[in-house]
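1. please find the sequence and the predicted model below.
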Amino acid sequence: MHIEGPLEPELAFALAARNRTPLRHTDLDHLRRAYAFADLQSFLDLYYELTAVLQTPADFTDLAEAYLARAAAQGVRHAEVFVDPQAHTSRGVPLEVVFEGLGAAFATAEQRHGLSASLIVCFLRDRDPAEAEALVPRLRPYRDLVIGVGLDSAEVGNPPELFERAYALAADEGLHRVAHAGEEGPPAYVWSALDRLGVERVDHGIRSLEDPALVARLRAGQVPLTVCPLSNVELRCVPEMVAHPLRRMLDAGLLATVNSDDPAYFGGYLHDNTAAVSTALGLGAGERQRLAENSFRASFLPEADKERHLAAVRTAAAAGS
């Protein structure tokens, strides 16, 4: 889940008014109609346009609070959330503003919402890799909040290996490493993320199924894949939900999880994604339990915390059976 992703139209307009930020959308209905995307790039155009309303620490706190409350209501117990600092620093918002605002919300997430939360800083792959390399050491003051780095934005034409040095620097800092790969890009991007970036988790990865050798690699290593069903359909990576490859991924023995990506833009938060794909693919209680268990196994939580959450999943599943 990208923290910029739960920017609902109502909040976008409220923050625009607070900061006197002009929007080209005249009203809520006009803005909602813009949430119809032909592909990843058409989504990114609107996504980055609306980030202009985020200007102060309070804006980032309000955005994070809105997400945490919604996530908790949908059953989330731990969130490892992406943030795109370059999308903000490139328009004049200091890095300190972003982390001060998000940190204020995340620091009280367990007390206020009953879930733990941390950040993964993503590099924008359609920008100069030197920017990513320069960003890594600037994360040191925020290590109580930031647990890793990732790679997102327009995938096609921007292969992972361009960011090899940035990821090596992040590894030296002891940060976890993930990357978007195999969403719109080919299986070769997943291989590159694994071999050149040393990622521990692949975001999306749905096109991995096109390469049997890659499927075998992911299965043998139990490399987690963060699958986002509603996003995949909205961005035309999958034509319709009944054609979604999640069941085939599970049947192939892959450690697939369900996630919400950018819920305000794609029609749903975590439970909404799980319900939609379960209905379309006929996933039963056992498969939904497996997805819940996979989500904690895929996390960067300490092993004791993973086991605690896994036990809670098993208890809930037994009570519902």
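-> On my side now, so go ahead.
2. from Arg32, how far out is Thr26?
-> Distance of Thr26 to Arg32, computed by Cβ to Cβ, to the nearest Å: 12 Å. In this view, the C-beta of every residue, glycine as well, is placed from N, C-alpha and C.
3. and Asp203, what helix or strand is that in?
-> Using DSSP states H and E, Asp203 falls within strand 201-204.
4. rewinding a little: Thr26 and Arg32: who's more crowded?
-> Arg32 (12 against 8; other Cβ atoms under 10 Å).
5. Asp211: neighbouring residues, count only.
-> So Asp211, with other Cβ under 10 Å, has 17 neighbours.
6. make sure it is actually in contact with Pro187.
-> Yes: using Cβ atoms under 8 Å, Asp211 makes contact with Pro187 at a distance of 3.9 Å.
7. all helices in the stretch 51-200 of the chain, in order from the N-terminus.
-> 57-73, 85-89, 95-106, 109-113, 129-135, 164-172, 187-195 (DSSP state H, counting those that start in this stretch).
8. out of those, nearest to Leu119?
-> helix 95-106 (6.5 Å; Cβ to Cβ).
9. flag every buried residue along the closest one.
-> For helix 95-106, burial by neighbour count (16 or more other Cβ atoms under 10 Å) applies to 95, 97-103, 105-106.
10. one more: stretch 25-42?
-> Within stretch 25-42, the residues scored as buried using 16+ other Cβ under 10 Å are 25, 31, 34, 37, 40.
11. make CSV out of the helices of the stretch 51-200 of the chain and add distance to Asp305 and mean pLDDT.
-> Listed next are those as CSV, based on distance: least, Cβ to Cβ, whole Å; pLDDT from 0 to 100:
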stretch, distance to Asp305, mean pLDDT
helix 57-73, 17, 98
helix 85-89, 27, 97
helix 95-106, 16, 98
helix 109-113, 12, 97
helix 129-135, 28, 98
helix 164-172, 23, 98
helix 187-195, 26, 98
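12. just put the ones you listed in JSON lines and tack on distance to Ile120.
-> Formatted as JSON lines, the helices of the stretch 51-200 of the chain follow (distance: least, Cβ to Cβ, whole Å):
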{"stretch": "helix 57-73", "distance to Ile120": "14"}
{"stretch": "helix 85-89", "distance to Ile120": "11"}
{"stretch": "helix 95-106", "distance to Ile120": "12"}
{"stretch": "helix 109-113", "distance to Ile120": "15"}
{"stretch": "helix 129-135", "distance to Ile120": "13"}
{"stretch": "helix 164-172", "distance to Ile120": "10"}
{"stretch": "helix 187-195", "distance to Ile120": "14"}
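13. how about those, which one is nearest Val223?
-> That would be helix 187-195 among those, by Cβ to Cβ, at 7.1 Å.
14. so which elements touch the strand holding Asp203?
-> Packed against strand 201-204 by the contact rule (3 or more Cβ pairs under 8 Å, 6 or more residues apart in numbering; DSSP states H and E) you find strand 176-181, helix 187-195, strand 225-227.
15. who touches the next helix or strand after that strand?
-> Using DSSP H and E, the helix or strand that follows strand 201-204 in sequence is helix 212-221. Residues outside helix 212-221 that contact it (Cβ atoms under 8 Å, 6 or more residues apart in numbering): 187, 190-191, 194, 202, 205, 208-209, 223, 225, 252-255.
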